[in-house]
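*Asks:* Give me coordinates for this.
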Amino acid sequence: MSDESSDPGVVLAVAVGRSRSQAAVFDLAGRELAGDTRDHEVGISAEVLMPEVVERMTKMVTSIDLPVLAIGMSLPGVVNPDLGMSIDTPAMGGWDGVQLAPYFTALTDAPLILAHDAHALARSELFNSDHPVRNALVVKASTGLGMGIIVDGKVVTGALGAAGEIGHTRIDAAGDRPCRCGSTGCLETVASGWALAQRLTDSGVPAG
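*Replies:* Numbering: from 1, shown residues only. Purely as a prediction, here's the structure:
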C-alpha cells in the first residue's frame with residue numbers, strides 16, 4: 001500500500017469561531033505540517049478577519065512549497081456549502097450571506113469546502129481507524145453549543161444543514177434568560193461557555 005503522505009499536495013484547514021481562528025496545513029495522511037491559532041475581537045467582520053487568515057495561511061503554504069489541493073473551513077451555525085457562506089450564525093454577526101471562497105483566490109484556485117463546525121467535528125470521528133464510529137452524538141461545547149449526529153456511519157446534516165443546532169433550543173431550566181441570538185430561554189443561556197463565564201463573574205469569581 002502506498003503512503004498517501006507522499007502525494008504531491010496539501011490540504012488547508014481553517015476554523016473560525018466567535019473569538020478565535022485556527023489555521024493549519026495538512027498532508028494527505030492527516031498529519032499537521034504547520035499551524036497558527038490566534039484570538040480575535042468578538043464581533044469581528046469577515047471583511048476584516050478573512051484577509052488576515054488568508055495572509056497567515058499564505059505564509060504557511062509558502063514555507064512548505066507544495067500545491068494546495070483543497071481548503072476545508074468551518075463556522076459555527078448553519079452554512080450553505082454550495083454557496084460557500086454562512087446563512088444563520090448567531091455567534092458571528094455580519095457573516096451571513098458573505099461569500100468566503102473569493103478571499104482565497106489570491107492564495108489558490110483549489111475548491112473551498114465549508115461546513116458547520118459541529119458537523120466537521122463529527123465527521124472527524126469517522127476517520128478514527130482504531131475505534132470506528134457507526135452511531136454517535138458529538139457535542140461541541142465552546143462559546144456556543146452544537147451537535148454532530150452520526151447515523152450508520154454518516155453525518156446527518158438535515159435538509160437545511162441545521163441538524164444538531166441545539167444551542168438555541170428553548171428549555172424550562174433557562175426560564176427567560178436573554179440569549180445572544182435575541183431570544184430568551186435558550187439552552188446556551190445555561191450551558192454554553194459564555195453563560196458559564198457570566199455566571200462566575202456574577203458570583204464574584206475573577207475571570208481566568
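
*Asks:* element containing the residue nearest to residue 76 when sequence neighbours are not counted, please.
*Replies:* The spatial neighbour of residue 76 that comes closest, neighbours along the chain excluded (CB to CB, 6 or more residues apart in numbering), is residue 91 at 4.4 Å. The way it works is simple: take the backbone N, C-alpha and C, and place the C-beta from them, glycine included. According to DSSP states H and E, residue 91 maps onto no helix or strand at all.

*Asks:* Roughly how far does residue 91 sit from residue 10?
*Replies:* 29 Å (CB to CB, to the nearest Å).

*Asks:* residue boundaries of the helices in this structure?
*Replies:* 46-64, 117-125, 188-191, 193-202 (DSSP state H).

*Asks:* related to what we said a few turns ago, ok, the residue nearest to residue 76 - contacts?
*Replies:* For residue 91, the contacting residues are 17, 18, 76, 77, 143, 144, 180, by CB atoms under 8 Å, 6 or more residues apart in numbering.

*Asks:* now do residue 25
*Replies:* Residue 25 neighbours (CB under 8 Å, 6+ apart): 10, 11, 12, 13, 32, 33, 34, 35, 57, 60, 61, 64.

*Asks:* which one is the third one nearest to, not counting chain neighbours?
*Replies:* The spatially closest residue to residue 12, leaving aside those adjacent along the chain, is residue 71, at 4.5 Å (CB to CB, 6+ apart).

*Asks:* Would you check that that neighbour makes contact with residue 113?
*Replies:* Yes - Residue 71 is within contact range of residue 113, at 6.8 Å (criterion: CB atoms under 8 Å).

*Asks:* Leaving out chain neighbours, which residue sits closest to residue 9?
*Replies:* residue 69 (4.1 Å).

*Asks:* how many neighbours does the one you found have?
*Replies:* Residues contacting residue 69 under the criterion other CB atoms under 10 Å number 15.

*Asks:* Any figure for the gap between it and residue 149?
*Replies:* Counting by CB to CB - residue 69 and residue 149 are separated by 28 Å.

*Asks:* Can you list the helices and strands that the helix or strand of the chain with the lowest mean pLDDT packs against?
*Replies:* Within the chain, no helix or strand scores below helix 193-202, which has a mean of 81 by mean pLDDT, DSSP states H and E. Helix 193-202 sits against helix 188-191, with contacts defined as 3 or more CB pairs under 8 Å, 6 or more residues apart in numbering; DSSP states H and E.

*Asks:* if I look at residue 114, how far off is residue 191?
*Replies:* 26 Å.

*Asks:* count of neighbours near residue 137?
*Replies:* 12.

*Asks:* Confirm for me that it is in contact with residue 147.
*Replies:* Yes - with contact defined as CB under 8 Å, residue 137 reaches residue 147; the gap is 5.8 Å.

*Asks:* Show the end-to-end separation of stretch 72-85, please.
*Replies:* For stretch 72-85, the first and last residues are 13 Å from each other (CA to CA, to the nearest Å).

*Asks:* Quick one: distance of that stretch to the chain centre.
*Replies:* 9 Å (CA atoms, centre = their mean, to the nearest Å).

*Asks:* got it, and stretch 119-138?
*Replies:* On CA atoms, centre = their mean, the centre of stretch 119-138 falls 16 Å from that of its chain.
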